[in-house]
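Q: Fold the following and give me the result.
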Amino acid sequence: MSRRSIVSFLGPGIIFAATSIGVSHVVQSTRAGADFGYALIALVLLAHLVKLPFFQIGPRYAAATGTSLLDAYRQIGKPVYYFCMLFTLSTMFIVQAAVTIVAAGLLAFILPFELHIVASAAIILVSVLVILLGGGYRLLDNVLKLMMLLFAVMCLVTFIAIFFVDIPEMTPPKVDYLSASSIAFMVALVGWMPTTVEVSIWHSLWVVEQRKKDALELTTLEQQKQFTQNKLLDFNVSYVFCFLFALVFLILGAKVMHGSGLSLSDSAVGFSSQLVGIFSEALGQWSIPVVSIIIFIAMYSTVLAVADGFGQVITRFSEHELNLPKEKHNLCYRSVLPVIAIGGALVIVFFGGHLKSLIDFATTISFVAAPVFAYLNIRAMQLPNVPQPLRLSQGQSLYAWVCLLALAGFSLFFLIWRFG
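A: As a prediction, this is how the structure comes out:
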């Protein structure tokens, strides 16, 4: 496969990776290493394994049917469809604010002059609007491929370098894994590791958009099979990428901060300073400007992908409910994006000083709702419009149900612990 073919082949999976490698990796994985050392590596692996089949259903369903999971939920039933939209509307501004404020903190840290966090967030949100309104999916796809490449190279260099740096040995603190704070953090970690299950809806929308961009006409079952296999491979490569970089940030946090007596700051700018400090410990002071920009790229790519994901979902919902013709799609999308940006900005204005609390709240909601979206994804693959040969095999279906039971068990445990 030529370089151009590879770049063209990697599409929605890269956007999925950009969505994932943001708060869950840069913030949560680093916190996991800093607070618990290497103890939560197994939990990070478990989170990836139990969510895998439901994330795979996003590209699988879209490639097999040419429609999104949002359309599938609508077929399953109106109550299900409205639940999905209510959940999206109730979390949209908080999630957009959570990813934006981390990127804003990094931008404020990078700039040579003092800039208020709200002003920094406004700059980011306006620039995101310019990119998405100006280029849509095509520009998003191209920009994120470059951003993820730069980010991956810098992280790998840092990860290797840190094992050749003399870091003082620190006495690991005793951790009470059953304390309220520990359980709350582990729930938050799993909630967004590598991201929330409902992002599978976004992924299905991105596959539909790529199919439009490439003007693909899949007229035979064999063509549908090949396209489905390509999109699953695209996703699987990106999913492994997400898992590896979750480990990278966890290990960096453990190597540099665990046992140091320091806790990660609740301020976006303070956290950004600590995060860059982890990298500069390994690479030296010269690396601070470069590292700051690369980590900012990772978070900025997440802000881009999240804004587009919510924008796509709300646009499809508006088209369905208002019976808008397809010709109005771009107009509707361009009308929705500013609303998302303004809502996220308002959350930052009122709650921007509580970074960790904001993120933990959003991730906990996603943790509790995960089994619902997981079940709906399994049901989507059983709908009549999914060709029989492209449905889940018996083994895949069994694995999905086992993972669904695991997610439901986790959520039930948390609810009993929290409210019982």
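Q: Let me know how buried Leu232 is, in neighbour terms.
A: Leu232 has 15 neighbours, counted by other CB atoms under 10 Å. (Each C-beta comes from the backbone N, C-alpha and C, glycine too.)
Q: quick one, what contacts it?
A: Taking CB atoms under 8 Å, 6 or more residues apart in numbering, we find Leu232 in contact with Gln56, Pro59, Arg60, Ala63.
Q: got a pLDDT number for it?
A: The score at Leu232 is 92. That number is its pLDDT.
Q: How about Thr315?
A: Thr315 is given a pLDDT of 92.
Q: again with Pro168
A: With respect to pLDDT, Pro168 scores 62.
Q: for the stretch 251-400 of the chain, which spans come out with low pLDDT?
A: Across the stretch 251-400 of the chain, the ranges flagged by pLDDT under 70 are 259-269, 279, 282-283, 352-353, 355-356, 359.
Q: Return the residues in contact with Ala254.
A: Counting by CB under 8 Å, 6+ apart, Ala254 touches Gly33, Ala34, Phe36, Gly37, Tyr38.
Q: The same query, at a cut-off of 6 Å, please.
A: Gly33, Gly37, Tyr38 (CB atoms under 6 Å, 6 or more residues apart in numbering).
Q: Compare those residues and tell me which has the most neighbours.
A: In terms of neighbours by other CB under 10 Å, the contacts of Ala254 top out with Gly33 at 27 neighbours.
Q: So which of the contacts of Ala254 are in helices?
A: If you go by DSSP state H, those have Gly33 in helices.
Q: Out of the contacts of Ala254, the closest to Ser200 would be?
A: Nearest to Ser200, judged by CB to CB, of the contacts of Ala254 is Gly33 at 27.2 Å.
Q: Tell me the spacing between that closest one and Gly277.
A: Note on Gly33: its distance to Gly277, by CB to CB, to the nearest Å, is 14 Å.
Q: sorry, back to before: okay, the contacts of Leu232 in CSV with secondary structure and distance to Glu114 next?
A: Output for these, formatted as CSV (DSSP: H, G, I helix; E, B strand; the rest coil; distance: CB to CB, whole Å):
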residue, secondary structure, distance to Glu114
Gln56, helix, 46
Pro59, helix, 44
Arg60, helix, 48
Ala63, helix, 49
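Q: which one among these gets closest to Gly77?
A: Among the contacts of Leu232, and counting by CB to CB, the member closest to Gly77 is Arg60, at 21.1 Å.
Q: ok, now which ones touch His203?
A: Pro12, Phe16, Gly58, Pro59.
Q: swap the cut-off to 7 Å and go again
A: Taking CB atoms under 7 Å, 6 or more residues apart in numbering, we find His203 in contact with Pro12, Phe16, Phe55, Gly58, Pro59.
Q: quick one, phi psi at it?
A: Dihedral pair for His203: phi -60, psi -40, per degrees, to the nearest 10.
Q: Just give the nearest non-adjacent residue to it, would you?
A: Leaving aside its chain neighbours, His203 sits nearest to Gly58 (3.5 Å; criterion: CB to CB, 6 or more residues apart in numbering).
Q: list the buried ones in the host helix or strand of that neighbour?
A: For Gly58, the host element (DSSP states H and E) is helix 41-65. Across helix 41-65, burial judged by 16 or more other CB atoms under 10 Å covers 41, 43-44, 47-48, 50-65.
Q: ok so, going back, between the contacts of Leu232, which is nearest Lys78?
A: Arg60 (24.1 Å).
Q: wait, doesn't the closest one sit right on Asn230?
A: No - contact criterion CB atoms under 7 Å: Arg60 and Asn230 do not qualify, at 11.3 Å.
Q: Tell me the one of the contacts of His203 nearest Ile365?
A: Phe55 (18.3 Å).
Q: quick one, what contacts that closest one?
A: Contacts for Phe55 (CB under 7 Å, 6+ apart) come out as Ser200, His203, Phe235, Tyr239.
Q: So which bits of the helix or strand harbouring Ile378 are buried?
A: Per DSSP H and E: Ile378 is located in helix 355-380. Of all the residues in helix 355-380, those buried under the rule 16+ other CB under 10 Å are 355-356, 358-380.
Q: C-terminal to it, which secondary structure element comes first?
A: Next element after helix 355-380 (DSSP H and E): helix 394-419.
Q: relative orientation of that following helix and helix 355-380 in degrees?
A: 140 degrees (axes from the mean of the first three to the mean of the last three CA atoms, to 10 degrees).
Q: between helix 394-419 and helix 41-65, how many degrees?
A: Using the same axes, to 10 degrees: helix 394-419 against helix 41-65 is 130 degrees.
Q: Helix 394-419 packs against which elements?
A: Other helices and strands packing on helix 394-419, by 3 or more CB pairs under 7 Å, 6 or more residues apart in numbering; DSSP states H and E, are helix 41-65, helix 180-191, helix 355-380.
Q: Output the contacting helices and strands for the longest one.
A: In other words, helix 355-380. Applying 3+ CB pairs under 7 Å, 6+ apart, one finds that helix 355-380 makes contact with helix 41-65, helix 69-76, helix 78-110, helix 180-191, helix 394-419.
Q: repeat for the second one
A: Contact analysis of helix 180-191 by 3+ CB pairs under 7 Å, 6+ apart lists helix 41-65, helix 355-380, helix 394-419 as its packing neighbours.
Q: could these go into TSV alongside distance to Val175?
A: Output for these, formatted as TSV (distance: least, CB to CB, whole Å):
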stretch	distance to Val175
helix 41-65	13
helix 355-380	17
helix 394-419	18
